[in-house]
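Asker: Build me a model:
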Amino acid sequence: MGRRDSCFQETTYVSFFVLLSLIFHQNVICQDERSLDNPAANRLYNQFVFDKVSNLTEVFEDDIKRELGFCITNVKEDYNEAFNFSKKPDFLNACGKSTKGDMMQRICTAAEVRIYFNGLLGGPKRATNYLKPNKNCNLSSWMSGCEPGWACRTAKDVKVDLKDDKNVPVRTQQCAPCCAGFFCPRGITCMIPCPLGAYCPEAELNKTTGLCDPYHYQLPSGQPNHTCGGADIWADIGSSSEVFCSAGSFCPSTIDKLPCSKGHYCRTGSTAELNCFKLATCNPRSTNQNITAYGIMLFAGLGFLLIILYNCSDQVLATRERRQAKSREKAVQSVRDSQSREKWKSAKDIAKKHATELQQSFSRTFSRRKSMKQPDLMRGLSQAKPGSDAALPPMSGSSSDTKKGKKKDKNKLTEMLHDIEQNPEDPGGFNLEIGDKNIKKHAPKGKALHTQSQMFRYAYGQIEKEKAMQEQNKNLTFSGVISMANDIDIRKRPTIEVAFKDLTITLKGKNKHLMRCVTGKLSPGRVSAVMGPSGAGKTTFLTALTGKAPGCTMSGMILVNGKVESIQSYKKIIGFVPQDDIVHGNLTVEENLWFSARCRLPADLPKPEKVLVVERVIESLGLQHVRDSLVGTVEKRGISGGQRKRVNVGLEMVMEPSLLILDEPTSGLDSSSSQLLLRALRREALEGVNICMVVHQPSYTLFRMFDDLILLAKGGLICYQGSVKNVEEYFSSLGIVVPERVNPPDYYIDILEGILKPSTSSGVTYKQLPVRWMLHNGYQVPMDMLKSIEGMASSASAENSAHGGSAHGSVVGDDGTSFAGEFWQDVKANVEIKKDTLQNNFSSSGDLSAREVPGVYQQYRYFLGRLGKQRLREARTLAVDYLILLLAGICLGTLAKVSDETFGAMGYTYTVIAVSLLCKITALRSFSLDKLHYWRESRAGMSSLAYFLAKDTVDHFNTIVKPLVYLSMFYFFNNPRSTVTDNYVVLICLVYCVTGIAYALAILFEPGPAQLWSVLLPVVLTLIATSTNDNKIVDSISELCYTRWALEAFVVSNAQRYKGVWLITRCGSLMENGYNIKHFPRCLIFLTLTGILSRGAAFFCMVTFQKK
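Answerer: Residues are numbered from 1 along each chain as shown. Predicted coordinates for the structure are as follows:
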């Protein structure tokens, strides 16, 4: 249907408004020519008419709501804005004068109005429009009043009921041109008032074109006395633009048109001139105000505010870090000063002790009798401070009360004296207590520590105390070490011992062994190394220890602390260090470690204790000098690779695990860095931590630092499991002796690779080593593996099926398998892997770790703080995003104008596409770049819900700011009739919606496909939403598109500002697009719900399809 066809069809629904305009003529009041010049009578008459109109609109209210409810919000309000002529009723008086008082006999009744609009509906084109024949205008009766712009009156003795919608009165007398301010359609002989905002003057003949200007009808031929009349039609602006008050002018009444003055602007269909803003440019006859300056000011102010925010926030972070650094420095200096004072005091005590001994020696030499003052001396000594010479152990003559009250002090002093006698020059021996005792006695502990300085002082005091203890441990006996350990309050970690027997892992669908018959044990307090050639299943072994082998069948037995329990029940106290350094590059070393500690340490652990844990890890890993440095990313370099590797390990150490599993933590590190890392791990092992790590060809020094060794051969077979000290002895018993100046682990791995062959005198091949180990320990050996031993091949056929499988990862029947069979096996294997992964993600086991970590809300706060720091450090990226959005607003605001004919449908269509595309691309970064970090943190037991909600909360900043950035250019370059608030609210809902969709795309797809989907989705959905094809399927799909809801909200918010003469255009445009003026709140709700549902789907996908 063409524009004119649709416009004429749509105008039929406005007949109810015209009916309302006729109601005020229901009660015909006699008005002769003498009363027309009486102003008081005119005012009284007009007031009476409008009172009747306002009362009688309720009669048609239900019909209007039923037929025109999609474009009418308030019947009375819209009617008053279209037909309330109380302010300028002059055209009524003028019409009364020109018709000599019979104006009321020329007004159309409801039946004639119905004929007019039904004619518009039936007429395909305006040029050939003819109304259906009626009583006054038909084939046999066609008078001049039937021509456009003319009207006739009824007979004087005929009573006209304007509410009669069935009978057309005979209206054939005194035909004359239509009054100004009215329009007289062709085919009926009556007048209809023009609405406010229209300009309906009497027409004048244009002799050049033969048309009646400003209208487009011609004079009938053969009637020389027929002149141009009034307006002939009121429809949409596309069909009857001549009756609309032109842009640059305003029409206070339907017969007056005045030009806009300077400082004002007048849009099409204006009834009054509008004041321009102070900074806007409005010349005479301005059709719109140029408010670009306000857009520039808004953007400048917003940009200035963001710059201040970023700079101040960055400054806040820097100031906070400096204050923390100063607090640490003061704490360290305070601890060192206290330590120095204590050492000096201990030195004085030693000197006094030697002086007393010398004096006693002289006394024993020159005098044989006891001193008479000894009891008094001992009473004084019993009250002296510990550590001084006055507190030396009393002699045999001391009182029993003193012995009883100072028994504990005597034990400590005995140890101290013993250490001093053994190492008089060792300063570590003086440091049983670090710091001033009086200060430490009254120092607050635990939750009483509040300030950063107190916490750091407490942490460094404990660290220095532990260092002093370590120095003393080198020279004290075992009993002395135990005694000193009892003086320090150390939290006992629960121990985890992992034993595995006949552990076999078989790939589903292929019957291929990834690991077979592995037996051994990982003990608490020991550091175990897993070594072997490539393909030996080292990583598979670690995966099996964690209780997960997706796509595989796991047999055998894994015992945790001697019980058959799922190791996942202890995941809160199990640390796993992946091979890749998955560390947040835009956080500092301390921030990475501190976040992990807060989320994974017990919730009831006081903050000072957490600070102590982090400081201890930083100290042990040698990261003190880079603690405030950013870790760095690929684009922005930070700390070195070795330091990054240590941070990767430190993330697990700060949670104080009982079982620590590391996958190649020394790969890429030099010898010194590896030793530093391993020394830190050995200190963890001293606290009872069970440590197991995969290493590749360590140096001999590093190799000797391990306690146990697990040596795997190809195919996942074990060759050795036991103490590192006995490995050479075992292989020597097999005839494999390590040559001089050769690193033992390198030599063994070369043999297992097949690069080196054992000496012929040993009679052993590298394939026989797993069987030799199993026989050495008395383990059951599958018969197919016994084939590798010489002389045992004959007994293999009978029992091969009972033990099952083939050795060294071979596949049964592989030689006879076709390509299709292999392909089908691969498909089944992949399906099994996906299935097991989903089961693992949703499976849950009871918690046996006895550790209560912070809840979801507390972790949400921690995630929120971390993300806030990260976003502040990505200010440049955010600035680029805002700049691109600003340029888009300038381009669309300049090129895609919001036209009055379509109420801005085209300009808003481009807005929906641009905002959707740009905001989706930005939102993809929230999850696409952090997938690895999330997988690691969720595996460690951190809350996925807290992580997701924190991400979404931080992105709300963009949801609020980006619409402002875009509107600062688009709105103020375009200046649509809708308000800034309406546009801003719609854009907020749109950005919220597309951000949720972007979350789902980022989680489901890789970054490349996710970006492609983000570009295609808004374009395709917008094309579907704006499709004009009469296809029910497409229409049904468009009802579900978020682009349609956003576009409808934009158009409706703009259409609500069009009143009066625009009513037909508004109803026609909304009906053509299928919009409803009352759906503005519903569209916003749908956009918001789509954002919520898409976030729910994204969270479900994040939890379901994560990779462990």
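Asker: Helices of the stretch 601-750 of the chain, start to end?
Answerer: 607-620, 641-653, 671-685, 700-704, 727-733, 744-753 (DSSP state H, counting those that start in this stretch).
Asker: What are the contacting residues of stretch 865-884?
Answerer: Contact with stretch 865-884 is made by 303, 306, 310, 313-314, 317, 584, 586-587, 591, 595, 630, 918, 922, 925, 950-951, 954, 957-958, 961-962, 965, as judged by CB atoms under 8 Å, 6 or more residues apart in numbering. Placement of C-beta: from N, CA and C, glycine included.
Asker: got any ranges where the stretch 51-200 of the chain has weak pLDDT?
Answerer: Applying pLDDT under 70 to the stretch 51-200 of the chain flags the ranges 51-64, 117-130.
Asker: What segments of the stretch 551-700 of the chain are strands?
Answerer: 552-560, 574-577, 659-663, 690-694 (DSSP state E, counting those that start in this stretch).
Asker: Save these as TSV, and put in mean pLDDT too.
Answerer: Shown next, in TSV, are those (pLDDT from 0 to 100):
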stretch	mean pLDDT
strand 552-560	84
strand 574-577	91
strand 659-663	91
strand 690-694	92
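Asker: Please name whichever of the ones you listed is nearest to C1067.
Answerer: Taking CB to CB, strand 574-577 is the member of the strands of the stretch 551-700 of the chain nearest to C1067, at 66.1 Å.
Asker: Okay, buried residues for the closest one please.
Answerer: 574-577 (16 or more other CB atoms under 10 Å).
Asker: Can you convert those into CSV and add a column each for distance to N290?
Answerer: Listed next are the buried residues of strand 574-577 as CSV, based on distance: CB to CB, whole Å:
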residue, distance to N290
I574, 67
G575, 64
F576, 63
V577, 63
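Asker: From those, pick the one nearest P148.
Answerer: F576 (87.2 Å).
Asker: Only the buried subset of the contacts of stretch 865-884, as a ChimeraX command please.
Answerer: The ChimeraX selection below is limited to those of the contacts of stretch 865-884 classed as buried (16+ other CB under 10 Å):
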select :303,306,310,313,317,584,586,587,591,595,630,918,922,925,950,951,954,958,961,962,965
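Asker: picking that back up, most neighbours per residue, which of the helices of the stretch 601-750 of the chain?
Answerer: helix 641-653 (a mean of 23; mean count of other CB atoms under 10 Å).
Asker: Send over stretch 908-925 as PDB, restricted to the C-alpha atoms.
Answerer: C-alpha atoms of stretch 908-925 as PDB (Å, rounded to 0.1, in the frame of the first residue of the first chain):
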ATOM      1  CA  TYR A 908      16.200   6.000  15.500                       C
ATOM      2  CA  THR A 909      16.700   2.900  13.400                       C
ATOM      3  CA  TYR A 910      20.400   3.800  12.800                       C
ATOM      4  CA  THR A 911      20.700   4.700  16.500                       C
ATOM      5  CA  VAL A 912      19.500   1.300  17.600                       C
ATOM      6  CA  ILE A 913      22.000  -0.400  15.300                       C
ATOM      7  CA  ALA A 914      25.000   1.800  16.200                       C
ATOM      8  CA  VAL A 915      24.400   1.700  20.000                       C
ATOM      9  CA  SER A 916      23.800  -2.000  20.000                       C
ATOM     10  CA  LEU A 917      26.900  -2.700  18.000                       C
ATOM     11  CA  LEU A 918      29.300  -0.500  19.900                       C
ATOM     12  CA  CYS A 919      28.100  -1.400  23.300                       C
ATOM     13  CA  LYS A 920      28.200  -5.100  22.500                       C
ATOM     14  CA  ILE A 921      31.700  -5.000  21.300                       C
ATOM     15  CA  THR A 922      32.700  -3.200  24.500                       C
ATOM     16  CA  ALA A 923      30.800  -5.600  26.800                       C
ATOM     17  CA  LEU A 924      32.500  -8.600  25.200                       C
ATOM     18  CA  ARG A 925      35.700  -7.700  26.900                       C
END
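Asker: which residues are contacting it?
Answerer: Contacts for stretch 908-925 (CB under 8 Å, 6+ apart): 877, 881, 884-885, 888, 892, 896, 898, 955, 958, 962-963, 966, 970, 987, 990-991, 994-995, 997-999, 1001-1002, 1007, 1010-1011, 1014-1015, 1017-1019, 1022, 1026, 1043, 1046-1047, 1050-1051, 1054.
Asker: Many thanks, I have nothing further to ask.
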